[in-house]
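*Asks:* Requesting a structural model of the entry that follows:
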Amino acid sequence: MMQYIENADGSLISGDYAAEMREFVRSIWQGLDKQKAAPEKWGNATKDVRKHFYFEMEKEFYVLHLCENHWKSQAIATAIYSQWCQVYVKKHRAVKDEDDSDEEPATKRPRVVKSEPTPGPTSSHNDSASMSEAIIPIDPL
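*Replies:* Numbering: from 1, shown residues only. Next up, the predicted model:
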């Protein structure tokens, strides 16, 4: 992968170096996502997002300076952004949505049910204390 990235002498970069670049790229994009600046498509990236990406990549990897108009950095972004977006962003948003749904629903006040008046076991007369209505709360959950 990344066979279009060459060293100053024209040799291809190693697979390990390419993997290091991909890992760094993902860290930049994760930072953008946390700032809510990651576009849905790389083609929709703002000028500022692109400048930030080019600056970070070219600061970290000298071989990316060896071209005009940041085409190497742009080629990397174009090649892997959509896959990263599908995997990371959608997964990250799904986890965030689950976290939001884990919140307990607002508790409701217990419903009050009035029971039928019952005379006390030893009471044979109509005592208002023994004939009062009992209030029994019912847990709504």
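
*Asks:* how about the closest residue to residue 13 other than its chain neighbours, what does it touch?
*Replies:* Spatial nearest neighbour of residue 13, chain neighbours left out: residue 5 (4.9 Å); criterion: C-beta to C-beta, 6 or more residues apart in numbering. The way it works is simple: take the backbone N, C-alpha and C, and place the C-beta from them, glycine included. Residue 5 makes contacts with 12, 13, 18, 21, 63, 64, 72, 75, 76, as judged by C-beta atoms under 8 Å, 6 or more residues apart in numbering.

*Asks:* Quick one: buried ones out of the residues you listed?
*Replies:* Among the contacts of residue 5, those classed as buried by 16 or more other C-beta atoms under 10 Å are 13, 18, 21, 64, 72, 76.

*Asks:* closest to residue 44 among the residues you listed?
*Replies:* residue 76 (17.1 Å; C-beta to C-beta).

*Asks:* and the helix or strand hosting that closest one, what does it pack onto?
*Replies:* Taking DSSP states H and E as the definition, residue 76 sits inside helix 71-84. Secondary-structure packing of helix 71-84 (3 or more C-beta pairs under 8 Å, 6 or more residues apart in numbering; DSSP states H and E): helix 15-34, helix 47-60.

*Asks:* Tell me which residues are up against the shortest one.
*Replies:* Spelled out, that is helix 47-60. 21, 24-25, 28, 32, 37-39, 45, 64-65, 70, 73-74, 76-77.

*Asks:* 7 Å instead?
*Replies:* 24, 28, 32, 37, 39, 64, 65, 70, 73, 77 (C-beta atoms under 7 Å, 6 or more residues apart in numbering).

*Asks:* Phi first, then psi, for the residue nearest to residue 13.
*Replies:* phi -90, psi 120 (degrees, to the nearest 10).

*Asks:* Which one of the helices and strands packed on helix 71-84 lies nearest to residue 91?
*Replies:* That would be helix 15-34 among the helices and strands packed on helix 71-84, by C-beta to C-beta, at 11.0 Å.

*Asks:* Going by neighbour count, list what's buried in the closest one.
*Replies:* 18, 21, 22, 25, 28, 29, 32, 33.

*Asks:* I'd assumed residue 76 was in contact with the fourth one.
*Replies:* If I follow you right, that is residue 25. Yes - in terms of C-beta atoms under 7 Å, residue 25 counts as a neighbour of residue 76; the distance is 6.2 Å.
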